[in-house]
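Student: sequence first, then the predicted structure:
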Amino acid sequence: MFLFEQRDSCVHTVGDSVSITCEFAELPHSLILDAGAETTLADEYLLTEAGTLKIRKIYDCSKPKPTVEVFVVAQHPTAKDVDSLLELKEKDPQKIVKELGLEVPLKGNPGMRKAIWNAELDLKLAETQIPITKLKGDSKCIWEQLESYLPLFALFQSDRRSQDSDGEVQNPMKAAVAAAIAEVKSEIEQIQLKIEEKAKTIAESTHEALKTIDSSLAKELKPQFTQPTPAKWVGLFSVNMTTDHGIPLNKRGSGIRRLVLVSFFKAEAERQLIATNRRNIIYAIEEPETAQHPNNQRVLIKAFKELTSEPGCQVLLTTHSPGFAAELPVDGIRFVTVHEGSPSIRAGVDVFGEIAATLGVVPDSRVKVLVCVEGPTDVAALKSLSHALHQQDPSIPNLSADSRVAFVVLGGSTLQHWVTQNYLRGLGRPEIHIYDSDVAKYGEFVAEVNSRTDGSWAVQTAKHEIESYLHSDAILDAFNLNIEVTDQPNEHGHATPKVFALAYSQVNGLDGVMGESKAKQKLADRAFPLMMADRLSERDPTGEVGDWFRRIAKML
């Protein structure tokens with residue numbers, strides 16, 4: 001997720017140089033430079049002909065540690081004497097303004113640059129590569145401001161030994177040590193003064209002893225004391241991690257080490273996000289399923305999905321695992337291939353069959369019933385509610401663990417559901433459609449399904465939507481938020497997800513109000529799993545939900 005909308009990107013390699021170019025729309029309305037001088041990217045001629053922002057980074061990979069230069073590629077003035085105004089310090093445009101006798105209505109360097117450019121009859125605009133990170137004066141603030149809108153990119157590599165000396169472990173620990181040292185700064189200063197006093201005393205006694213041997217050797221002997229910097233104090237400490245029963249992290253299995261390191265990786269990335277005042281972050285993780293038990297893979301997938309529901313957060317994953325890929329949302333899947341040396345990235349339903357064939361994702365012949373719902377949060381809700389009722393009455397199927405039931409998400413799915421939907425329809429499996437009652441048109445679909453003669457059936461919820469069956473205690477336990485859950489929208493027209501979104505946003509100090517789709521996802525992930533049979537009974541005294549599951553049980 002960008003605050004800019006990314007329009008295009010490309011990568012070029014020439015010798016030891018790698019060039020990455022990205023183009024953005026949805027740009028900041030204005031930039032504030034030194035002394036509060038306001039300007040825009042358009043006024044500074046930093047946009048393309050189409051009005052987009054094109055940023056190019058060129059990496060020099062010939063060095064042990066690659067360096068990078070950043071450029072803005074824009075339609076910029078190339079006319080003599082006005083082609084490099086952004087590179088001038090303040091006194092230089094002042095001199096030009098004075099020589100030309102120009103009036104500057106706007107304050108600061110931006111105003112002077114604009115006046116000079118307006119005075120030029122033909123700016124000879126042409127595509128120019130501007131070294132944005134090498135600009136001087138207030139112009140250097142342009143990149144600092146732009147960079148705060150760009151996402152922080154954090155890469156976790158899979159091909160590693162995964163030890164507790166890895167950067168993902170040591171960086172957060174070093175940050176913790178640095179924070180601790182900052183808190184005891186006064187004590188450290190006292191220690192340094194004490195050491196300095198002792199050193200002076202030793203130097204004086206040494207000088208006295210030297211004079212008794214030969215007074216001409218040194219008339220004075222004074223210690224020049226250099227106090228260590230905070231960085232050097234941090235360098236004195238190395239932190240090793242131990243786990244349960246005192247077992248060192250690097251002695252645990254590779255799967256456990258990777259889970260811990262992914263957690264440290266996330267913590268370090270978030271620390272950098274705060275330290276650099278960025279607004280967005282991209283987590284890039286290579287093959288997270290490596291060395292992981294299938295249960296841990298599911299835990300990781302759930303954690304990554306929760307991350308993507310946070311504002312300004314995006315997760316990029318690579319995988320060759322059919323089981324892992326099958327759980328990912330299809331709208332986020334990209335199929336990467338190489339044809340004649342050139343990479344190709346494709347998405348959409350046209351390639352899902354090819355992805356399934358490449359990874360080996362196949363339909364499950366154990367499926368007896370298809371449950372069709374509107375969205376993935378409905379799947380999570382029905383699984384949690386069926387599990388709660390199954391605990392009380394084993395005759396009710398636990399849809400979270402019953403392989404005879406496959407969910408088909410009609411409004412967006414996962415690869416696994418897509419494969420199931422497309423390959424099992426020909427097997428003549430009966431369908432169950434459960435829709436919210438918030439859309440009147442769904443009634444037509446319900447009637448259509450119920451008119452079939454293959455055992456399929458459909459219902460709309462008696463309450464407004466599936467979240468209306470939540471108990472307020474489940475939300476309280478999950479989020480420490482006490483909100484009222486109503487059967488229908490309240491007097492303000494707000495249903496449960498909206499009421500929750502407003503309360504959550506206020507308590508957590510979010511900019512604006514969380515979207516309802518994210519609110520639904522949070523409720524599905526954390527509140528529905530806390531629904532128990534007695535809580536559902538309070539919210540559903542007529543047993544409507546239980547009746548759905550009993551009908552499914554008869555079909556199985």
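Tutor: Thanks, I have the structure now. All values derive from a computational prediction rather than experimental measurement.
Student: for Lys518, see how far away the most centrally placed residue in the chain is.
Tutor: When C-alpha atoms, centre = their mean is applied to the chain, the residue found nearest the centroid is Cys313 (2.4 Å). Cys313 sits 11 Å away from Lys518, going by C-beta to C-beta, to the nearest Å. Heads up, the C-betas are built off the backbone N, CA and C, glycines and all.
Student: my guess is Ala495 meets Glu484, correct?
Tutor: No. Using C-beta atoms under 8 Å, Ala495 is not in contact with Glu484; the gap is 11.3 Å.
Student: more neighbours: which of the two?
Tutor: Ala495 (21 against 9; other C-beta atoms under 10 Å).
Student: would you quantify the distance from the closest residue to that one other than its chain neighbours to Ala501?
Tutor: Counting by C-beta to C-beta, 6 or more residues apart in numbering, Pro489 is the residue found nearest to Ala495 once chain neighbours are left out, at 4.7 Å. From Pro489 across to Ala501, the span is 13 Å (C-beta to C-beta).
Student: about what we covered before: the residue nearest to the centre of the chain contacts Ala303, correct?
Tutor: No. Counting by C-beta under 8 Å, Cys313 sits too far from Ala303 to count as a contact (11.8 Å).
Student: neighbour count for Pro489 and Ala501, which is higher?
Tutor: Legend: neighbour count by other C-beta under 10 Å for Pro489 and Ala501, higher for Ala501 (22 against 16).
Student: so who does Tyr435 touch?
Tutor: Residues in contact with Tyr435 (C-beta atoms under 8 Å, 6 or more residues apart in numbering) are 373-374, 442, 445-446, 458-461.
Student: mean confidence for stretch 263-271?
Tutor: Average pLDDT, stretch 263-271: 65.
Student: buried set for the helix or strand encompassing Gln190?
Tutor: If you go by DSSP states H and E, Gln190 is part of helix 185-213. Residues of helix 185-213 classed as buried: 188, 203 (neighbour count, 16 or more other C-beta atoms under 10 Å).
Student: so in that sheet, which strands flank whatever helix or strand Leu316 lives in, and in what orientation?
Tutor: Element membership for Leu316 (DSSP H and E) is strand 313-318. Using DSSP bridges, strand 313-318 pairs in its sheet with strand 281-286 (parallel).
Student: enumerate the positions of the strand it pairs with that are buried.
Tutor: Buried residues in strand 281-286 (16+ other C-beta under 10 Å): 281-283, 285.
Student: closest to Arg526 among the residues you listed?
Tutor: The shortest gap between Arg526 and any of these belongs to Tyr283, at 20.2 Å (C-beta to C-beta).
Student: pLDDT wise, what is the closest one at?
Tutor: At Tyr283, pLDDT is 80.
Student: hmm, it is touching Gly312, no?
Tutor: No. The pair Tyr283 / Gly312 is not scored as a contact, 11.7 Å apart, by C-beta under 8 Å.
Student: show me what counts as buried in the strand holding Leu316.
Tutor: So strand 313-318, judged by 16+ other C-beta under 10 Å, has buried residues 313-315, 317.
Student: name the nearest of these relative to Val513.
Tutor: Cys313 (17.2 Å).
Student: what sits against that closest one?
Tutor: Cys313 neighbours (C-beta under 8 Å, 6+ apart): 1, 280-281, 283, 307.
Student: please apply the same query to Met514.
Tutor: By C-beta under 8 Å, 6+ apart, the contact set of Met514 is 311, 501, 504-505.
Student: so how do I select the buried members of these in ChimeraX?
Tutor: The following ChimeraX line selects those of the contacts of Met514 that are buried, judged by 16+ other C-beta under 10 Å:
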select :501,504,505
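Student: of the contacts of Met514, closest to Gln392?
Tutor: Of the contacts of Met514, the one sitting nearest to Gln392 (C-beta to C-beta) turns out to be Tyr504, at 30.0 Å.
Student: how close does Met531 get to Asp525?
Tutor: In terms of C-beta to C-beta, Met531 sits 13 Å off from Asp525.
Student: of those two, who's got more company?
Tutor: Applying other C-beta under 10 Å to Met531 and Asp525 shows that Met531 carries more neighbours, namely 22 against 18.
Student: low-confidence ranges in the stretch 251-400 of the chain?
Tutor: 251-262, 264-279, 291, 349-350, 361-365 (pLDDT under 70).
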